[in-house]
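Chemist: predicted model follows, preceded by the sequence.
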Amino acid sequence: MREMNSEEKTPVGVVGVGWVGLVTAACFAELGHPVIARDVMEEKVDSLRRGEITIHEPGLAELLTKNSDRLRFTTDMDELLEGARLLFVCVDTPPTYSGDADLSRVRSVVDDLRSDGDHVLIMKSTVPAGTGEAIRRELPGLAYVSCPEFLKEGTAVQDFMEPDRVVIGSEPEHAAAAEEVAELYRPLGGELVLTDTSSAEMIKLASNAYLATRISFINEIANVCEEVGADVEEVARGMGLDERIGPHFLRPGIGFGGSCFPKDVNALKLLAGNSGYHFQLLNSVIEVNELQKRRVVSKLTKHLDNLIGKRIALLGLAFKPDTDDMREASSLVLSARLRGEGAEVVAYDPVAMDSARSLLPGVEMMGTAQEALADCDAAVLVTEWSEFREIDWSEAAGGMRKPVLIDGRNYLDAGELRAAGFLYEGIGKGGDRG
Ligand code: UGA
């Protein structure tokens, strides 16, 4: 087949250049599409024009540089509308005080498109099921397609380029627009799920809520393993080999965080409640997750008696590795609890310290992991950054007041840590408490 050059490829518009919008823009440009991306924040658009990005996402900066001639950034809605018919809406829908999704940014995009008849609004933002239906009723002239995103922070570029599936929801009158969207994604492979709008919206919420449920489930199994002397990793491995269960998202730890799982689990619970159904299971998923973030405190107390005046190092602050995102990070709850118990908290994270500083007043940020560990009574591995496997643990043990390490992600080699002199304890490792 003849390769199309970028002039022939369908122009793509992106509304909102946060993390999802930027990944979407960069990846469509990489696929050869001319991309125009619009954001209301002038400062952000200016720095993107200068080729500067502030988001830490592996491979993203490289793609933006490589495809700069196909990427245009603007604050001007008219320029966007002239530049592309297909508009991917990637604005945030953060939780409001009630926990429901805040749709104000989606609303302002819809208002901008009000009089428009030709464009296709492709909703990537996570919205409650029924939002598409409401927008369609309000703007019958506008083609509406739901195309939820399933990218994971830290592997977003790869997830975009090699999707498991692409979900495209539309109503029959917009089937042609849905087909145009499908056409954009076909070169990537991955199953195309063509469905109705509300089902597409529910697929997104249900997927995140289900993955979060698996995590809370395995965390509770881990807690039981500690009581009965079993090893949760063995349990997860044995469970995951059952094809009906599968191995993914069965890693226990100190709770899930990030901008999506906590928000979407709660949003689905509220959506159900607002629609007259009490989604009981999700209450437990949320509660288990909150308790899991605090369990480390009792593990530390067991080793240190009490935490008053004890100096505790947190290794990692971001909600997961390869990102500087601190939203709903377990480190926030944990450090507040530790300080509440009277401990002095120091921390090190390879990339998240700048974003963490203002969120963690009173927590001292250290230049390296080794500096954070020095003179501490105990340490907690909060985020599984690969560089923590390179730490010289014998040196670290020598410099600590008491070499206690709680591995909140079961990431380090227990044998190596114990050989280095540590009292090492992971999560769900019954009968193996260092
Ligand atoms: C999640 C989903 O995985 C994506 O598919 C989705 O697109 C995204 O939310 C979103 O809605 O935007 P993300 O929040 O980037 O992606 O991160 P995950 O890798 O899913 O991890 C979420 C949290 O779960 C992290 O705190 C991680 O440490 C925790 N986790 C994950 C576990 O505790 N155990 C596991 O087995 C897996």
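Modeler: In hand now; what should we look at? Numbering: from 1, shown residues only.
Chemist: just checking, Thr301 touches Leu307?
Modeler: Yes: in this structure, Thr301 is within contact of Leu307 by CB atoms under 8 Å, at 6.3 Å. Using the backbone N, CA and C atoms, a C-beta is placed for each residue, glycine as well.
Chemist: joint contacts of these two?
Modeler: Glu341 (CB atoms under 8 Å, 6 or more residues apart in numbering).
Chemist: for Pro94, the count of nearby residues, please.
Modeler: 12 (other CB atoms under 10 Å).
Chemist: contact partners for it?
Modeler: Going by CB under 8 Å, 6+ apart, Pro94 touches Ala101, Asp102, Ser259, Lys263.
Chemist: looking at these, which are in helices?
Modeler: Lys263 (DSSP state H).
Chemist: can you map out the strands along the stretch 251-400 of the chain?
Modeler: Applying DSSP state E, counting those that start in this stretch to the stretch 251-400 of the chain gives strands spanning 311-315, 344-348, 364-365, 378-381.
Chemist: regarding the protein, what is its longest helix?
Modeler: The chain, longest helix under DSSP H: helix 197-228.
Chemist: now that helix: mean pLDDT?
Modeler: Helix 197-228 shows a mean pLDDT of 97.
Chemist: which strands or helices does that helix pack on?
Modeler: Judged by 3 or more CB pairs under 8 Å, 6 or more residues apart in numbering; DSSP states H and E, the packing partners of helix 197-228 are helix 131-138, strand 143-146, strand 165-169, strand 191-195, helix 232-240, helix 261-274, helix 280-304.
Chemist: hmm, the third one in reach of the ligand?
Modeler: No: Strand 165-169 is not in contact with the ligand by CB under 6 Å from any ligand atom; minimum separation 10.9 Å.
Chemist: may I see the buried residues of that strand?
Modeler: Of the residues in strand 165-169, Val166, Val167, Ile168, Gly169 count as buried by neighbour count, 16 or more other CB atoms under 10 Å.
Chemist: thinking again about what came up before, quick one: which of the contacts of Pro94 is nearest the ligand?
Modeler: Set against the ligand, the nearest of those by CB to the nearest ligand atom is Ser259 (6.5 Å).
Chemist: list the residues that contact the closest one.
Modeler: By CB under 8 Å, 6+ apart, Ser259 lies in contact with Pro94, Asp325, Arg327, Glu328.
Chemist: correct me, but the third one touches Lys320?
Modeler: No: counting by CB under 8 Å, no contact exists between Arg327 and Lys320, whose distance comes to 10.8 Å.
Chemist: now the common contact residues for those two.
Modeler: Common contacts of Arg327 and Lys320, defined by CB under 8 Å, 6+ apart, comprise Gly257, Gly258.
Chemist: setting aside sequence neighbours, what's the nearest residue to the closest residue to the ligand within the stretch 51-200 of the chain?
Modeler: Residue of the stretch 51-200 of the chain nearest the ligand, by CB to the nearest ligand atom: Glu153 (3.5 Å). Counting by CB to CB, 6 or more residues apart in numbering, Glu153 lies nearest to Thr323, which is 4.4 Å off, once chain neighbours are set aside.
Chemist: relative to the ligand, how far out is the one you found?
Modeler: 7 Å (CB to the nearest ligand atom, to the nearest Å).
Chemist: ok, Thr24 next?
Modeler: Applying CB to the nearest ligand atom, the value for Thr24 to the ligand is 12 Å.
Chemist: so which elements touch the helix or strand hosting that residue?
Modeler: Per DSSP states H and E: Thr24 is located in helix 19-30. Secondary-structure packing of helix 19-30 (3+ CB pairs under 8 Å, 6+ apart): strand 12-15, strand 35-38, helix 60-66, strand 71-74, helix 156-161.
Chemist: what would these look like in TSV with mean neighbour count and distance to Ala236?
Modeler: Below are the helices and strands packed on helix 19-30 laid out as TSV (neighbours: other CB atoms under 10 Å; distance: least, CB to CB, whole Å):
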stretch	mean neighbour count	distance to Ala236
strand 12-15	28	38
strand 35-38	26	40
helix 60-66	16	31
strand 71-74	22	42
helix 156-161	19	23
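Chemist: list buried residues within the contacts of Pro94.
Modeler: Buried among these by 16+ other CB under 10 Å: Ala101, Ser259, Lys263.
Chemist: now the residues you listed in a markdown table, with distance to the ligand and pLDDT?
Modeler: Listed next are the buried ones among the contacts of Pro94 as a markdown table, based on distance: CB to the nearest ligand atom, whole Å; pLDDT from 0 to 100:
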| residue | distance to the ligand | pLDDT |
| --- | --- | --- |
| Ala101 | 12 | 83 |
| Ser259 | 6 | 88 |
| Lys263 | 8 | 91 |
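Chemist: a markdown table for these, including distance to Met161?
Modeler: Below are those laid out as a markdown table (distance: CB to CB, whole Å):
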| residue | distance to Met161 |
| --- | --- |
| Ala101 | 28 |
| Ser259 | 22 |
| Lys263 | 26 |
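Chemist: which residues in the stretch 301-434 of the chain form helices?
Modeler: For the stretch 301-434 of the chain, the helices defined by DSSP state H, counting those that start in this stretch cover 330-340, 353-357, 369-373, 393-399, 414-419.
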